[in-house]
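Student: generate a structure from the sequence data that follows.
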Amino acid sequence: MISTKGRYALRVMIDLAEHKNGGLIPLKDVAERQQISKKYLEIIVKDLVAGKLIRAASGKGGGYCLCREPEEYTIGEIIELTEGSLAAVACLADGTVSCPRSAGCQTLPLWEEYDRLTHDFFYGKHLSDLIRTQRPGPPA
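Tutor: The predicted structure is shown next:
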């Protein structure tokens, strides 16, 4: 399950992409637009900065911006940065010691297929796929 941290990280990245103007975007503006606590967003953007997905500057005129163009970010990298491995079972997570039962495990092919589907789904989508090209106007 993707937690609020992963979902909110996507919303932050989308917001930064949609409001990029060559400058830095204050976190309070993102928090207001996304209706998310600024305190919670501070935790999330710290991870995004550490993962080199966004840049930060503090002080007057400070804020956040994307490090790359939206089409250069995959949804998978954003989610895995904030959530950890997308592997459905521990034996398929990166860096896991090989399971002694893997040779005879009847469920392993199922988990491997599910893992491939999940990986390909999230890594096949880019931040640019989620950005609205036009903001919807008021209802007619």
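
Student: so who does the closest residue to residue 83 other than its chain neighbours touch?
Tutor: Nearest-residue entry for residue 83: residue 6, 4.3 Å, with adjacent residues in sequence omitted and distances by C-beta to C-beta, 6 or more residues apart in numbering. In this view, the C-beta of every residue, glycine as well, is placed from N, C-alpha and C. Going by C-beta atoms under 8 Å, 6 or more residues apart in numbering, residue 6 touches 78-79, 82-83.

Student: what's the most distant pair in the residues you listed?
Tutor: Spatial extent of the contacts of residue 6 (C-beta to C-beta) is set by the pair 78 and 83 at 9.1 Å.

Student: neighbour count: the two, which is higher?
Tutor: A count of neighbours by other C-beta atoms under 10 Å puts residue 78 above the other of residue 78 and residue 83, at 22 against 16.

Student: show me where the protein has its helices.
Tutor: Taking DSSP state H, the helices of the chain run over residues 4-18, 27-34, 38-50, 75-83, 108-123, 127-130.

Student: if we compare these, which one ends up closest to residue 91?
Tutor: helix 108-123 (7.4 Å).

Student: from the contact counts, what lies against that closest one?
Tutor: For helix 108-123, the elements it packs on are helix 75-83, judged by 3 or more C-beta pairs under 8 Å, 6 or more residues apart in numbering; DSSP states H and E.
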